[in-house]
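Student: generate coordinates for the sequence data below:
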Amino acid sequence: ERERERAIAMMNKIRRKLTAVLISLIHIFNSTKLKLGINPIALGKMRDGTVMMIDLRSDSQMLAYYKKTYEPRNMDIIKFLLEADSCLVDVGANIGFYTVAIAAALKVKKGSGKVIAFEPVEVELQTTFRKYLTKQA
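Tutor: As a prediction, this is how the structure comes out:
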C-alpha cells in the first residue's frame, strides 16, 4: 500500500511538471505568433462545440483557445446540475465562456432555461460578445 501511494505521488508530481512545461511551450508559441503579426482576435472552437471570439493577448483566453476548454471541472459540474428550465446568472461574464457553454447546454436540453450575463467592465470585445451570444443561444 505504501509503495502504491509513493507511485501515485510520483506520477502526480510528473504530471504537474509536464503540465507546467506544456503551458510554457504554449506561451512561447503564442507570443511568437503575435510577434509575427497574426491577428490577436481569433475564433476558438471549444470541445463542447461552441465557438468563442478570443483575444490571444489575454492569458486565460489564450490557454482556453489552445486547450479548447475553459475551467472544465467547473463547467462539467454546472452542466451536470443543470436542468432544462434552469436559469444561470453569470455575473462578471467577461467574454462569456460560461454563458455561451451553459446556453448551448440548455439549448440541447430543449427546456425554457436561460442564461443572464452581466459584465460590469467595458471590454474591447463586449459588443462582439453580445452579437455572438445571440447567434449561438
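Student: how close does residue 117 get to residue 92?
Tutor: Separation of residue 117 from residue 92 (C-beta to C-beta, to the nearest Å) stands at 9 Å. Every C-beta, even on glycine, is put in place using the N, C-alpha and C of the backbone.
Student: now the strands for this structure?
Tutor: 41-45, 51-55, 87-91, 114-118 (DSSP state E).
Student: give me the below-cutoff pLDDT ranges for this structure.
Tutor: 123-137 (pLDDT under 70).
Student: name the residue in residue 117 and residue 92 with the higher neighbour count.
Tutor: Higher neighbour count among residue 117 and residue 92: residue 117, with 22 against 10, using other C-beta atoms under 10 Å.
Student: for that one, give me its contacts.
Tutor: Listed by C-beta atoms under 8 Å, 6 or more residues apart in numbering, the contact partners of residue 117 are 90, 93, 96, 99, 133.
Student: recalculate using a threshold of 6 Å.
Tutor: 90, 93, 96, 99 (C-beta atoms under 6 Å, 6 or more residues apart in numbering).
Student: list the contacts of the first one.
Tutor: The neighbours of residue 90, taking C-beta under 6 Å, 6+ apart as the test, are 98, 99, 117.
Student: let me have these in TSV, extended by distance to residue 72.
Tutor: Output for those, formatted as TSV (distance: C-beta to C-beta, whole Å):
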residue	distance to residue 72
98	12
99	16
117	20
